[in-house]
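A.B. asks: what shape does this take:
(2 chains)
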Amino acid sequence: GENVEQHPSTLSVQEGDSAVIKCTYSDSASNYFPWYKQELGKGPQLIIDIRSNVGEKKDQRIAVTLNKTAKHFSLHITETQPEDSAVYFCAASIGDSGYSTLTFGKGTMLLVSP
Amino acid sequence: DAGVTQSPTHLIKTRGQQVTLRCSPKSGHDTVSWYQQALGQGPQFIFQYYEEEERQRGNFPDRFSGHQFPNYSSELNVNALLLGDSALYLCASSSSGGMNTEAFFGQGTRLTVV
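C.D. replies: Next up, the predicted model:
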């Protein structure tokens, strides 16, 4: 089955710096890659996603890139703010007509210091 | 729109007991997936329900079972609880229309087995 590796496990940055989280996946059939943010005591919240027919996607301070050949994808957060502090999960999915299920990485704890 | 709602939020059970967790999907969603999230780990797929049937299943024993009702809400049942079943149980809903539609998570049920 699919296996998703995520690095780093923890990331500390100063407010205003950029943060990058990287993931690799094993199954070349995976075609959907969402990123989730999970705050303490809450469920994961979808923040951005990318499909395999796209190489990059941006949403304000957040961007995701995908390299299908290398089977890796990354989350980029610019101008980090203390409220960005949370655990971030990448996931991969092989989807077909709604049958998709998600395989998650182990998460990255991002700490943004003021 | 209330989003995905789960109940209860916290639960303490004794080893060997049985537990039922409940989930109401986001309005307009017809597919419900359940995930188990151990402390410090990413969510792991348990199973997915669509049209009141289990459509896919992850690597979990038969002690884990579920149900989906005509209104798309769902239950997760775990029998003969083990200490290792202690985790955050997450429900995610999605729409069956199209490929790889986004999955939205509830806040989870924290199950503690003592």
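
A.B. asks: chain B: strands as residue ranges?
C.D. replies: Here chain B has its strands, by DSSP state E, at B:5-7, B:10-13, B:19-24, B:31-37, B:44-50, B:53-57, B:64-68, B:74-78, B:87-94, B:104-105, B:109-113.

A.B. asks: and these as a markdown table, adding distance to A:V54 and mean neighbour count?
C.D. replies: Yep, even glycine has a C-beta here, placed from its N, CA and C like the rest. As requested, those are exported to a markdown table (distance: least, C-beta to C-beta, whole Å; neighbours: other C-beta atoms under 10 Å in any protein chain shown):
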| stretch | distance to A:V54 | mean neighbour count |
| --- | --- | --- |
| strand B:5-7 | 32 | 16 |
| strand B:10-13 | 40 | 13 |
| strand B:19-24 | 31 | 20 |
| strand B:31-37 | 24 | 25 |
| strand B:44-50 | 24 | 22 |
| strand B:53-57 | 25 | 13 |
| strand B:64-68 | 32 | 19 |
| strand B:74-78 | 32 | 21 |
| strand B:87-94 | 20 | 25 |
| strand B:104-105 | 21 | 22 |
| strand B:109-113 | 35 | 18 |
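
A.B. asks: quick one: A:S30 from A:T101, how far?
C.D. replies: 11 Å (C-beta to C-beta, to the nearest Å).

A.B. asks: can you check A:P8 too?
C.D. replies: Using C-beta to C-beta, one gets 26 Å for the distance from A:P8 to A:T101.

A.B. asks: re the thing from before, what touches both of A:S30 and A:T101?
C.D. replies: Here A:S30 and A:T101 share the contacting residues A:S93, scored by C-beta atoms under 8 Å, 6 or more residues apart in numbering or on different chains.

A.B. asks: quick one on the thing from earlier: how about the strands of chain B, which one is nearest chain A?
C.D. replies: Nearest to chain A among these is strand B:104-105; the distance by C-beta to the nearest C-beta comes to 3.9 Å.

A.B. asks: partners of that closest one in the sheet?
C.D. replies: Neighbouring strands of strand B:104-105 in its sheet, by DSSP bridges, are strand B:87-94 (antiparallel).

A.B. asks: what residues are up against B:H10?
C.D. replies: B:109-110, B:112.

A.B. asks: return the residues of chain B in contact with chain A.
C.D. replies: Contact residues (C-beta under 8 Å from any C-beta of the partner chain) of chain B with chain A: B:4, B:6, B:31, B:33, B:35, B:40-45, B:48, B:50, B:55-56, B:58, B:90, B:92, B:94-108.

A.B. asks: strands of chain A, start to end?
C.D. replies: Under the criterion DSSP E, strands of chain A are mapped to A:4-7, A:10-14, A:19-25, A:32-38, A:45-51, A:56-59, A:62-67, A:72-77, A:86-93, A:102-104, A:108-113.

A.B. asks: what is the rounded mean pLDDT of the first one?
C.D. replies: Okay, so that is strand A:4-7. The average of the pLDDT scores along strand A:4-7 is 97.
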